[in-house]
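A.B. asks: Sequence first, then the predicted structure:
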Amino acid sequence: MAPRKRTDPKAQSLRQHGALHRHPEKVTDPSFLSDDFFDPKDLVQVKYELVRRVRIDGSPVSGACAAFGLTRPVFYKTRAALDREGLPGLIPKKPGPRRRHKLTAETLQFLAEERKKDGSLRPRDLARLVTERFGVVIHPRTIERTLRGLSKKGL
């Protein structure tokens, strides 16, 4: 029987929140190597310390980036997020659109009307009609999920 892997609860939490540094082994900054307070797996902490090192200690950006295992573009994005939002700006956000941005109220109304006219229209057909009418490409699966959600709400 193979031995069970130990799970690090902090690493699990960081992974769950998208804050686990993908390459903690690249963090070579002395603070992270000698002090238990600093955790190279904690991406938020690493990014904060990177910006602090440049701003407060006056380290050059390229050297600090190398020591923290991050790139210059990441530094500039991190610095901007910190200036704009403070520490919460360093918490990773989910990628991609935040909502169904292609399915506007007008598009949904159109889908409902077309479905009412011809109940046999499949999501693939509706997607084609939306593209023809609005010039927007919507995946048939998105339409299928949306229509299912609307029917559950009784709309």
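C.D. replies: Done, it's in.
A.B. asks: how is this structure carved up into domains?
C.D. replies: What automatic domain parsing lists as the domains of the chain is 9-90, 105-152.
A.B. asks: Return the most buried member of those.
C.D. replies: domain 9-90 (a mean of 15; mean count of other C-beta atoms under 10 Å). Yep, even glycine has a C-beta here, placed from its N, CA and C like the rest.
A.B. asks: any idea of the mean pLDDT for it?
C.D. replies: What domain 9-90 shows for mean pLDDT is 94.
A.B. asks: Endpoint to endpoint, that domain covers what distance?
C.D. replies: 21 Å (C-alpha to C-alpha, to the nearest Å).
A.B. asks: who's in contact with the strand or helix carrying residue 63?
C.D. replies: Using DSSP states H and E, the element containing residue 63 is helix 61-68. With C-beta atoms under 8 Å, 6 or more residues apart in numbering as the test, helix 61-68 has contacts from 27-29, 32, 46-47, 49-50, 53-54, 59, 71-72, 74-75.
A.B. asks: switch to 7 Å and redo it
C.D. replies: 27, 28, 29, 46, 49, 50, 53, 54, 71, 72, 75 (C-beta atoms under 7 Å, 6 or more residues apart in numbering).
A.B. asks: Tell me the helix or strand right after it.
C.D. replies: helix 72-85.
A.B. asks: Who are the packing partners of that following helix?
C.D. replies: helix 43-55, helix 61-68 (3 or more C-beta pairs under 7 Å, 6 or more residues apart in numbering; DSSP states H and E).
A.B. asks: quick one: the residue located most distally from the centre of the chain from residue 126, how far?
C.D. replies: In the chain, the residue that sits farthest from the middle, by C-alpha atoms, centre = their mean, is residue 117; the gap is 39.2 Å. Going from residue 117 to residue 126 by C-beta to C-beta, to the nearest Å gives 11 Å.
A.B. asks: And for residue 12?
C.D. replies: Residue 12 is 41 Å from residue 126, by C-beta to C-beta.
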